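Asks: Fold the following.
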Amino acid sequence: MVRCFLLSLMLMIGTAAVAQTSSGQIYGKITDEETGEELIGANILFEKNGVFAGGSATDFEGNFSISVDAGTYDATISYTGYSDNKITGVLVKSGQNTKLDITLSQGVTLEEVVVRGY
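Replies: So this is what the prediction gives:
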């Protein structure tokens with residue numbers, strides 16, 4: 001009985017150690033290229049081999065953070081009124097944090113819309 005318990009305990013600890021080290025974290029800040037202001041609510045999506053792997057939105061200080069499996073990712077960053085930015089080859093190593101600070105430039109000019117009721 002004791003042997004079974006110890007064996008089960010060792011398997012759980014070993015599995016937990018492997019699970020903790022097989023992923024990493026990508027974090028950073030998204031700001032305006034001209035002013036340096038933080039972009040609140042900017043979206044960042046990560047793809048691995050063309051398949052969606054996860055996404056995040058920035059907080060009130062322009063920061064984001066996401067945990068992903070180790071590997072190489074492509075990031076697409078978007079924000080209303082700004083040109084989308086794509087970053088390829090973001091390398092995430094097992095058990096490590098990867099910093100990714102991004103700037104976006106204003107590029108989409110929206111025209112005035114007039115709504116009339118009849």
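Asks: Keeping just the C-alphas, turn whatever helix or strand Asp74 lives in into PDB.
Replies: Using DSSP states H and E, Asp74 sits in strand 71-78. The C-alpha coordinates for strand 71-78 follow below in PDB (Å, rounded to 0.1, in the frame of the first residue of the first chain):
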ATOM      1  CA  GLY A  71       7.800  27.200 -29.800                       C
ATOM      2  CA  THR A  72       7.900  29.800 -32.400                       C
ATOM      3  CA  TYR A  73       4.900  32.100 -33.000                       C
ATOM      4  CA  ASP A  74       3.700  34.900 -35.300                       C
ATOM      5  CA  ALA A  75       2.000  37.800 -33.500                       C
ATOM      6  CA  THR A  76      -0.700  40.000 -35.100                       C
ATOM      7  CA  ILE A  77      -1.400  43.300 -33.200                       C
ATOM      8  CA  SER A  78      -4.400  45.400 -34.000                       C
END
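Asks: Pairing partners for it, with directions?
Replies: strand 43-48 (antiparallel), strand 85-92 (antiparallel) (DSSP bridges).
Asks: Those strands into CSV, with extra columns for distance to Ile30, mean neighbour count and mean pLDDT?
Replies: For the C-beta atoms, the positions are set from N, CA and C on the backbone; glycine is no exception. Converted to CSV, the strands paired with strand 71-78 look like this (distance: least, C-beta to C-beta, whole Å; neighbours: other C-beta atoms under 10 Å; pLDDT from 0 to 100):
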stretch, distance to Ile30, mean neighbour count, mean pLDDT
strand 43-48, 7, 18, 96
strand 85-92, 9, 14, 94
